[in-house]
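Enquirer: just to be clear, the model below is a prediction. Sequence and coordinates:
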Amino acid sequence: MIKKLLTIMLVIVFALALALSLGGCGDKAEDEPDTLDVSVGEPEPEPEPGPGPAAGAGLFDEAYTFENGMAIVMLDGKYGYIDKSGEIVIEPVYDAAYNFTENGLAIAMRDEKYGFVDKTGKEVVELKYQMVEDFVDGLAKVLLDYQTGFVDETGKEVLPPIYDVVDDFHEGAVAVLVGIKWGFVDKEGREIAALEYEDRSWFRDGLAMVMLDRKWGFIDKDGNMVIEPKYENIKLFNDGVTAVQIGDKWGYIDKNDEIAIEPKFDASYSFEEGLAVVELAGKYGFIDRSGEIAIELIYDDAYSFDANGLAVVMLDGKYGFIDKNGNAAGELKYDSAQPFIDGYAQVELNGKTGLIDVTGKEIVPTVCDSIDEFSEGMVPVYINGKFGYYDDQGREAIPPTFENRSLFGDGLACVVLDGKFGFIDKTGSFAIEQKYEMARSFSEGLAAVKIDDKWGYIDTSGKVVIPAG
């Protein structure tokens, strides 16, 4: 029964990022709220809220956005691929198909078995797995008979699927689980550390955390125990030091297991961008590598600095951002704040969402029910049941009047008005009339559109390039 439950759980969570499983293994930044993430898959999902795709009965039952020169189409309930001339280059024989990526491979599924095909339809990675993930740094995670491993872009099983769980690779090594014990292997499948540990982290700064007898220590990439397992709680190494709990206080040790910063804090976290979050008497601040207070411990909460040199902090119940000098980047006035992504951070005030830039300027005021992401200098916003757009100068470029929307692509965005799909330019004017039963975003100069239950493709002038029947 235990084995059965484990295998069911593996199928459910296989495509999710693996997190560290026990306390004391993460950095403060890992507690920050998640950001909106719309994935592209099989077939390409439309952003929510809004109507989803509906099957038709034309030349193609469904047609999707071009990616890397190819588009997914569906015919008679099966998925295949066309090129930009409209020619079927991979016959619709798959029960599911995903977009081609830059390595020239796409995930496909037939008879509930997954693998990868190239642009000729050749099965580069045999369709035999219960689940696969996209390639990262030349390797893809696979699941076979409820065991996990990795394949390379030739289909070779560089890590045979013999493990109950595998993490992701970091610094050329990956943690693997068999039964209840963890070990490490490299990208060639060579064992770095034997399956003997109760828990683990990934490698960072050349070392990985491991647990033995409920105590934490560190191993190097040769599997040598460089810091004996004796700590109740520790963090990941970064910049040559790591936070450790000694007694009821936290401090820092170096890679020789020597005290680098005396244990005097109630909590401390990994160094990021040269500073580390510490807590004392319920207040948070930041120290530098010498252990000196760099930013006074005055905050009710604080998160690690990011690559922009900014950190989320909370004071008197309100969130905002500070720089490495402790100066506020804008006001600390928000009910919540998320880390910066591509120069923008989502903030929330009185139940409404907005966006600020790294200076603290509100690019989108906190009046939105939800916000997508910037594309071509425009971001869709959802306000009181309608969609509009703001530009990257903080202007409401297009008022919220539409029933659905897409990101801008090739200078145009797909929108829905009065139940019909069309395309607007960045002034909000219809460049292509809203006359379609359904449409998808422009990509690589083409957009899939549906008329009279038939799918085809148009160019940015509205000209039919691939007829719908």
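Expert: Received, thanks.
Enquirer: what about this protein, any weak spots by pLDDT?
Expert: 1-58, 469 (pLDDT under 70).
Enquirer: and for the closest residue in space to Lys255 that isn't next to it in sequence, the neighbour number?
Expert: Excluding its sequence neighbours, the residue lying closest to Lys255 (Cβ to Cβ, 6 or more residues apart in numbering) is Gly240, at 6.3 Å. (Each C-beta comes from the backbone N, C-alpha and C, glycine too.) Using other Cβ atoms under 10 Å, Gly240 is surrounded by 14 other residues.
Enquirer: what of Ala208?
Expert: 27.
Enquirer: next: Asp453.
Expert: Neighbours of Asp453 (other Cβ under 10 Å): 15.
Enquirer: now do it against Ala63, distance only.
Expert: 12 Å (Cβ to Cβ, to the nearest Å).
Enquirer: about what we covered before: and the residue nearest to Lys255, backbone torsions?
Expert: Phi and psi for Gly240, reported as degrees, to the nearest 10, are phi 80, psi 0.
Enquirer: wait, it sits on Asp205?
Expert: Yes: the criterion here is Cβ atoms under 8 Å, and Gly240 meets it with Asp205 at 6.9 Å.
Enquirer: surely Asp134 touches Thr101?
Expert: Yes: if you go by Cβ under 8 Å, Asp134 and Thr101 touch, sitting 6.5 Å apart.
Enquirer: partner residues bridging Val142?
Expert: Here Val142 sits in beta bridges with Val132, Gly149, going by DSSP bridges.
Enquirer: for stretch 242-259, list every residue counted as buried.
Expert: For stretch 242-259, burial by neighbour count (16 or more other Cβ atoms under 10 Å) applies to 242-246, 250-253, 255.
Enquirer: how about residues contacting it?
Expert: 24, 206-207, 218, 226-228, 231-237, 240-241, 260-270, 276, 278, 291 (Cβ atoms under 8 Å, 6 or more residues apart in numbering).
Enquirer: which of those residues are buried?
Expert: For the contacts of stretch 242-259, buried by 16+ other Cβ under 10 Å: 24, 207, 218, 227, 231, 233-237, 241, 260-261, 263, 265, 268-270, 276, 278, 291.
Enquirer: so which residues make contact with the host helix or strand of Trp182?
Expert: Using DSSP states H and E, Trp182 sits within strand 181-186. For strand 181-186, the surrounding residues in contact (Cβ under 8 Å, 6+ apart) are 159, 172-176, 191-200, 203, 208, 210, 219, 221, 223.
Enquirer: rerun that using 10 Å as the cut-off
Expert: 21, 149-150, 158-159, 163-167, 169, 171-177, 190-203, 208, 210-211, 219, 221, 223 (Cβ atoms under 10 Å, 6 or more residues apart in numbering).
Enquirer: surely Asp342 touches Phe374?
Expert: Yes: with contact defined as Cβ atoms under 10 Å, Asp342 reaches Phe374; the gap is 6.8 Å.
Enquirer: more neighbours: which of those two?
Expert: Shown here are Asp342 and Phe374; by other Cβ under 10 Å, Phe374 has more neighbours (21 against 7).
Enquirer: who are the contact partners of that one?
Expert: So Phe374 contacts 341-344, 355, 363-364, 380, 390-392, 407-408 (Cβ under 10 Å, 6+ apart).
Enquirer: ok, back up a step: what residues of the strand holding Trp182 count as buried?
Expert: 182-186.
Enquirer: whichever helix or strand comes after it versus strand 181-186: what angle between them?
Expert: Toward the C-terminus, strand 181-186 is succeeded by strand 191-197 as the next helix or strand (DSSP H and E). For strand 191-197 against strand 181-186, the angle by axes from the mean of the first three to the mean of the last three Cα atoms, to 10 degrees is 170 degrees.
Enquirer: packing partners for strand 191-197?
Expert: strand 173-178, strand 181-186, strand 207-212, strand 215-219 (3 or more Cβ pairs under 10 Å, 6 or more residues apart in numbering; DSSP states H and E).
Enquirer: let's have those in JSON lines, adding distance to Thr401.
Expert: Output for the helices and strands packed on strand 191-197, formatted as JSON lines (distance: least, Cβ to Cβ, whole Å):
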{"stretch": "strand 173-178", "distance to Thr401": "49"}
{"stretch": "strand 181-186", "distance to Thr401": "54"}
{"stretch": "strand 207-212", "distance to Thr401": "53"}
{"stretch": "strand 215-219", "distance to Thr401": "56"}
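Enquirer: which of those strands sits closest to Tyr457?
Expert: The closest approach between Tyr457 and any of the helices and strands packed on strand 191-197, judged by Cβ to Cβ, belongs to strand 173-178 at 41.3 Å.
Enquirer: neighbours around the nearest residue to Thr401 once chain neighbours are set aside, how many?
Expert: Sequence neighbours aside, Lys386 is the residue nearest to Thr401 in space, at 5.7 Å (criterion: Cβ to Cβ, 6+ apart). By other Cβ under 10 Å, 16 other residues sit near Lys386.
Enquirer: contacting residues for Phe116?
Expert: Neighbours of Phe116 in contact, by Cβ under 10 Å, 6+ apart: 98, 100-101, 103-108, 122-127, 129, 132, 134-135, 140, 142, 151, 153, 155.
Enquirer: type out the ChimeraX command that picks the buried ones from those residues.
Expert: Listed next is the ChimeraX selection for buried residues among those, using 16+ other Cβ under 10 Å:
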select :98,100,104,105,106,107,108,124,125,127,129,132,134,135,140,142,151,153
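Enquirer: and the contacts of Phe116, which of them are in strands?
Expert: Among these, the residues falling in strands (DSSP state E) are 106-108, 123-127, 129, 132, 140, 142, 151.
Enquirer: pretty sure the residue nearest to Thr401 sits against Arg405.
Expert: Yes: the pair Lys386 / Arg405 is scored as a contact, 9.4 Å apart, by Cβ under 10 Å.
Enquirer: how close does Phe184 get to Met378?
Expert: 45 Å.
Enquirer: buried ones in stretch 276-294, by neighbour count?
Expert: Here stretch 276-294 shows 276-280, 283-287, 289, 291, 294 as buried, counting by 16+ other Cβ under 10 Å.
Enquirer: of all those residues, which two lie farthest apart?
Expert: Among the buried residues of stretch 276-294, Lys283 and Arg289 lie farthest apart (Cβ to Cβ), at 21.1 Å.
Enquirer: what comes up buried for stretch 431-439?
Expert: 431-432, 434, 436-439.
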